[in-house]
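1. Structure of the sequence below:
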Amino acid sequence: MPQAVCVLTAITGGTGFLGLRLVRELLLRGNRLVLLARPHRVPAHLRFERFLRANGSGEKEIRAVGALLETVEVALARPLLGLGREEFQRLADRIDVLWHCAGEISLSATLEEVRRVNVSGTRHVLQLLTAGDRCPVLYHCSTVAVAGARPSGVVREELLDDSFGFNSPYERSKFEAEGLVRRWVEEQGGRAVIVRPSGLITDRPACPEGPDHPLRTYVRALTTVLSRHPGTARRREPLTLPTAPGACTNLLPVEYAAYAMAELALRRMSPGLRIYHLVNRHHLLATDLAEALSDRLGVPVRLDPSLGGPGTPEAREYARLLPMYAAWHHIARTYDDRNLTALGLAYPGRPPIDTSYLALALR
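-> As a prediction, this is how the structure comes out:
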């Protein structure tokens with residue numbers, strides 16, 4: 001176990017799908033944490049306790065981590081995070097490290113809606129870091145989706161390129177948020193780490209009231225598509241979707257991502273900016289994912305490279321409801337992870353994202 005550190009770490013998005021796991025990893029390393037959480041009918045620390053119980057933690061562990069945890073309710077989209085000026089300044093003067101993991105991830109939200117949280121929220125977080133005199137380190141959680149609509153090739157960690165456009169407002173907003181972080185480092189002399197996870201999933205049961213991972217959300221959306229075309233499901237006809245030859249996706253267990261991120265925070269942080277891809281070196285072929293989806297839905301999902309357009313009515317409905325997922329059927333790019341590899345933190349491939357894992361992840 002690494003030696004405990006005595007710093008005050010703040011985190012946004014600590015009750016999200018990744019955030020809950022990251023909070024646990026940070027607490028296990030002795031960090032004192034401030035959850036910067038939006039107002040909710042269930043307080044953030046209680047949601048975290050429910051997560052711990054659902055994952056087998058005993059009351060002793062829950063009491064121990066509770067002593068290291070406090071909550072400040074904020075509104076990311078509002079100036080000063082929705083706090084009074086004095087409270088904002090007190091918070092700024094206390095923080096040594098800030099993990100910015102909160103974000104609007106809805107694929108149906110408009111550009112204005114996602115910018116309000118993902119871009120303006122990032123700007124307000126950077127103002128918090130600049131307001132105090134402790135020179136905090138920022139760990140900004142981005143996504144490999146900042147590569148936008150780039151169809152192929154290797155995405156380098158240092159690359160931030162919008163020349164291919166974007167598949168969704170979400171992708172564009174995360175790209176813009178990264179730009180804010182880069183400018184903050186250059187203009188304010190800040191210290192920042194950007195982590196770009198790929199698609200995060202888990203083979204463990206969903207937590208009560210906890211956020212779910214994208215593949216389960218995907219299954220629910222596909223179920224909606226099929227419900228609007230009951231004849232397909234009743235006759236077990238294939239749900240045929242256009243795809244590109246060699247299309248693939250990158251999936252990573254969320255538990256490993258949280259572990260690697262917490263370990264990354266133990267490394268000595270040099271001035272400036274570092275970027276790390278949190279990815280699986282073994283990409284999942286779209287055809288393998290389609291096979292797993294077929295088993296889960298009870299309807300064959302067939303990917304057809306010969307289709308030049310949306311094709312069937314079901315496929316057109318799919319493209320309308322899930323434009324980002326439909327676009328990803330035409331992506332065959334990969335990601336380098338040399339920076340994480342140099343630290344010995346690259347994903348070792350265990351557990352493998354195979355048919356058995358996907359069956360559990362999709363249940």
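2. next one: stretch 111-125 to chain centre, how far?
-> 16 Å (C-alpha atoms, centre = their mean, to the nearest Å).
3. Can you show me the helices along the stretch 51-200 of the chain?
-> With DSSP state H, counting those that start in this stretch, the ranges of helices along the stretch 51-200 of the chain come out as 59-66, 85-92, 111-118, 120-131, 169-188.
4. Now render those as a markdown table, adding mean neighbour count.
-> C-betas here are computed from N, CA, C, even on glycine. A markdown table is the format used below for these (neighbours: other C-beta atoms under 10 Å):
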| stretch | mean neighbour count |
| --- | --- |
| helix 59-66 | 13 |
| helix 85-92 | 16 |
| helix 111-118 | 19 |
| helix 120-131 | 21 |
| helix 169-188 | 20 |
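5. Where among those is average confidence lowest?
-> Of all the helices of the stretch 51-200 of the chain, the minimum mean pLDDT falls on helix 59-66 (a mean of 85).
6. ok, now which ones touch Arg47?
-> Thr15, Leu20, His40, Glu209, Gly210 (C-beta atoms under 8 Å, 6 or more residues apart in numbering).
7. Over to it: give its phi and psi.
-> phi -60, psi -40 (degrees, to the nearest 10).
8. Next one: it from Ala37, what distance?
-> 8 Å (C-beta to C-beta, to the nearest Å).
9. Now list whatever residues contact both of the two.
-> Thr15.
10. tell me which element Leu33 falls in.
-> strand 32-37 (DSSP states H and E).
11. Just the residues contacting that strand, thanks.
-> 6-12, 14-15, 23, 26-27, 44-45, 48, 68-74, 81, 91, 94-95, 102.
12. Show me which of those are buried.
-> 7-12, 14-15, 23, 26-27, 44-45, 48, 69, 71-72, 74, 81, 91, 95, 102 (16 or more other C-beta atoms under 10 Å).
13. For the strand holding Leu33, C-alpha coordinates in PDB please.
-> The C-alpha trace of strand 32-37 is given here as PDB (Å, rounded to 0.1, in the frame of the first residue of the first chain):
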ATOM      1  CA  ARG A  32      -8.900  13.900   2.800                       C
ATOM      2  CA  LEU A  33     -11.700  14.600   0.300                       C
ATOM      3  CA  VAL A  34     -14.200  17.300  -0.400                       C
ATOM      4  CA  LEU A  35     -17.000  16.200  -2.600                       C
ATOM      5  CA  LEU A  36     -18.100  19.200  -4.700                       C
ATOM      6  CA  ALA A  37     -21.600  17.900  -5.400                       C
END
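14. Within the sheet, what are the partner strands of it, with directions?
-> Strand 32-37 pairs in its sheet with strand 8-12 (parallel), strand 69-73 (parallel), by DSSP bridges.
15. Take those strands and lay them out in a markdown table including mean pLDDT and distance to Arg32.
-> Supplementary listing: the strands paired with strand 32-37 in a markdown table, determined by pLDDT from 0 to 100; distance: least, C-beta to C-beta, whole Å:
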| stretch | mean pLDDT | distance to Arg32 |
| --- | --- | --- |
| strand 8-12 | 97 | 5 |
| strand 69-73 | 96 | 8 |
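16. so which of those strands comes closest to Pro230?
-> Among the strands paired with strand 32-37, the nearest to Pro230 by C-beta to C-beta is strand 8-12 (42.2 Å).
17. C-alpha coordinates for that closest one, PDB please?
-> Coordinates of each C-alpha in strand 8-12 appear next as PDB, following Å, rounded to 0.1, in the frame of the first residue of the first chain:
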ATOM      1  CA  LEU A   8      -6.900  18.100   0.700                       C
ATOM      2  CA  THR A   9      -8.300  16.800  -2.500                       C
ATOM      3  CA  ALA A  10     -11.600  18.200  -4.000                       C
ATOM      4  CA  ILE A  11     -13.500  16.300  -6.600                       C
ATOM      5  CA  THR A  12     -16.400  17.100  -8.900                       C
END
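18. so where do the helices sit in the stretch 201-350 of the chain?
-> With DSSP H, counting those that start in this stretch, the ranges of helices along the stretch 201-350 of the chain come out as 214-227, 230-235, 254-264, 286-297, 313-321, 323-328, 338-342.
19. Give me the average confidence score over the fourth one.
-> Looking back up the chat, that one is helix 286-297. The pLDDT scores in helix 286-297 average 92.
20. list the buried ones in it?
-> Buried, per 16+ other C-beta under 10 Å, within helix 286-297: Ala286, Asp288, Leu289, Ala290, Glu291, Ala292, Leu293, Ser294, Arg296, Leu297.
21. how big is the angle separating it from helix 214-227?
-> Angle, helix 286-297 to helix 214-227, by axes from the mean of the first three to the mean of the last three C-alpha atoms, to 10 degrees: 70 degrees.
22. Sketch out the low-pLDDT regions of the protein for me.
-> 1-6, 208-209, 231-235, 306-311 (pLDDT under 70).
23. check contacts around the closest residue to Ala192 other than its chain neighbours.
-> Nearest residue to Ala192 in three dimensions, chain neighbours excluded: Leu138, at 4.3 Å (C-beta to C-beta, 6 or more residues apart in numbering). By C-beta under 8 Å, 6+ apart, the residues touching Leu138 are Leu98, His100, Val125, Leu126, Leu129, Val181, Trp184, Gly190, Arg191, Ala192, Val193.
24. Would you convert those residues into CSV that also reports distance to Pro352?
-> Formatted as CSV, the contacts of Leu138 follow (distance: C-beta to C-beta, whole Å):
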residue, distance to Pro352
Leu98, 34
His100, 31
Val125, 36
Leu126, 38
Leu129, 39
Val181, 33
Trp184, 38
Gly190, 38
Arg191, 35
Ala192, 33
Val193, 28
